[in-house]
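K.L.:
Okay, structure incoming, though there's no sequence with it:
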């Protein structure tokens, strides 16, 4: 590891910002820069975990601010394992996971920490996320019923406004206010370290995707609440590495299946696992065809 954790002011860090990067040179530099600019009075640790990028990403991230700590992996360990590396390498009482193709555009990390302080029973906080066109991304959602999950899976690629997807994504809510939800996106998520100490870190059985739903499910089961807050606003490009690649769609379906087995198929529902696997593989093929992935 090169570099030392950054400090925006003397004293121990208030929040550790962990960014997992893979071949996102231009985006990760912008991301890191936005973190420092949005600190407010919060004391920071900023750690970039680089998964063996070959485009100069690691150097770009480190050069953005001399205080940024850099962990270089010799292979692509996947998002979840690398995120846990960053969490373990820091000591702040809060961890903000932030995607390398995300940029903080509004609010401050200081303000987000104030929200966390005001909600001591909250284990994770999701932030307002916008797509590059300015539209609000549904980064805070409910855990869908089985009917909603199936309806969303097969109708969303063709009819995004279907009632199943709208229910799952809480589409009738404008995200202009705080709200307790079932889970929030890991693209920009604040985690309380005390909560992680209780339930464990991210599940490395997932290589990528669904780890955010998993950790929020475990936190809620342990009595912690999940909060959405528009206090911090992030613009997320999304798909900078995975766009057009069928392999990532297959990984996504495998992650959903892992979650289903882990949380949604106890007792008699074990019998549904083979059907769920076939349905998810069919859905992955459908999505890949729809997107023209190769």
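P.N.:
Yep, that arrived. These figures come from a predicted structure and were not determined experimentally.
K.L.:
in the stretch 151-294 of the chain, which spans are strands?
P.N.:
Listed in chain order, the strands of the stretch 151-294 of the chain (DSSP state E, counting those that start in this stretch) span 179-181, 183-184, 188-192, 225-236.
K.L.:
Look up how far residue 235 lies from residue 93.
P.N.:
27 Å (C-beta to C-beta, to the nearest Å). Where you see a C-beta, it was placed from the backbone N, CA and C, and this is true even at glycine.
K.L.:
just to revisit the earlier point, just put the strands of the stretch 151-294 of the chain in TSV and tack on mean pLDDT, distance to residue 169 and mean neighbour count.
P.N.:
Shown next, in TSV, are those (pLDDT from 0 to 100; distance: least, C-beta to C-beta, whole Å; neighbours: other C-beta atoms under 10 Å):
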stretch	mean pLDDT	distance to residue 169	mean neighbour count
strand 179-181	98	11	16
strand 183-184	98	11	24
strand 188-192	98	17	24
strand 225-236	98	12	22
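K.L.:
Let me know which of the ones you listed is the nearest to residue 122.
P.N.:
For the strands of the stretch 151-294 of the chain, the distance to residue 122 is smallest for strand 225-236, at 4.6 Å, taking C-beta to C-beta.
K.L.:
domain assignment for this protein?
P.N.:
Residue ranges for the domains of the chain, per automatic domain parsing: 1-139+175-238, 144-171, 242-294.
K.L.:
Out of these, which is the most enclosed?
P.N.:
Highest mean neighbour count of the domains of the chain: domain 1-139+175-238, a mean of 19 (counted as mean count of other C-beta atoms under 10 Å).
K.L.:
Now find how far off-centre stretch 20-38 is within its chain.
P.N.:
Here stretch 20-38 is found 15 Å from its chain centre; the criterion is C-alpha atoms, centre = their mean, to the nearest Å.
K.L.:
Is residue 128 in contact with residue 136, as I believe?
P.N.:
Yes - applying C-beta atoms under 8 Å, one finds residue 128 in contact with residue 136, separated by 7.0 Å.
K.L.:
so what sits against both of these two?
P.N.:
Residues touching both residue 128 and residue 136 (C-beta atoms under 8 Å, 6 or more residues apart in numbering) are residue 175.
K.L.:
show me where pLDDT drops low in the chain?
P.N.:
For the chain, the stretches flagged by pLDDT under 70 are 1-10, 239-244.
K.L.:
hmm, 50 instead?
P.N.:
1-9 (pLDDT under 50).
K.L.:
now the helices: where do they sit in it?
P.N.:
Secondary structure of the chain by DSSP state H: the helices cover 25-37, 57-64, 79-88, 109-118, 146-155, 163-168, 193-199, 211-221, 246-259, 273-291.
K.L.:
and residue 184, what does it touch?
P.N.:
Neighbour list for residue 184: 124-127, 139-141, 212, 216, 226-228 [criterion: C-beta under 8 Å, 6+ apart].
K.L.:
just to revisit the earlier point, need the helices of the chain in a markdown table (columns: distance to residue 186).
P.N.:
What follows is the helices of the chain, written out as a markdown table (distance: least, C-beta to C-beta, whole Å):
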| stretch | distance to residue 186 |
| --- | --- |
| helix 25-37 | 14 |
| helix 57-64 | 19 |
| helix 79-88 | 8 |
| helix 109-118 | 15 |
| helix 146-155 | 19 |
| helix 163-168 | 17 |
| helix 193-199 | 13 |
| helix 211-221 | 3 |
| helix 246-259 | 12 |
| helix 273-291 | 20 |
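K.L.:
out of those helices, nearest to residue 15?
P.N.:
Closest to residue 15 of the helices of the chain, according to C-beta to C-beta: helix 109-118, at 5.8 Å.
K.L.:
Which residues does the closest one contact?
P.N.:
So helix 109-118 is contacted by 14-15, 17, 35, 38-42, 44, 94, 96, 122, 125, 127, 178, 190, 192, 227, 229, 231-232 (C-beta under 8 Å, 6+ apart).
K.L.:
same thing but at 7 Å, please
P.N.:
Applying C-beta atoms under 7 Å, 6 or more residues apart in numbering, the contact partners of helix 109-118 are 14-15, 38-42, 94, 96, 122, 125, 127, 190, 192, 229, 231-232.
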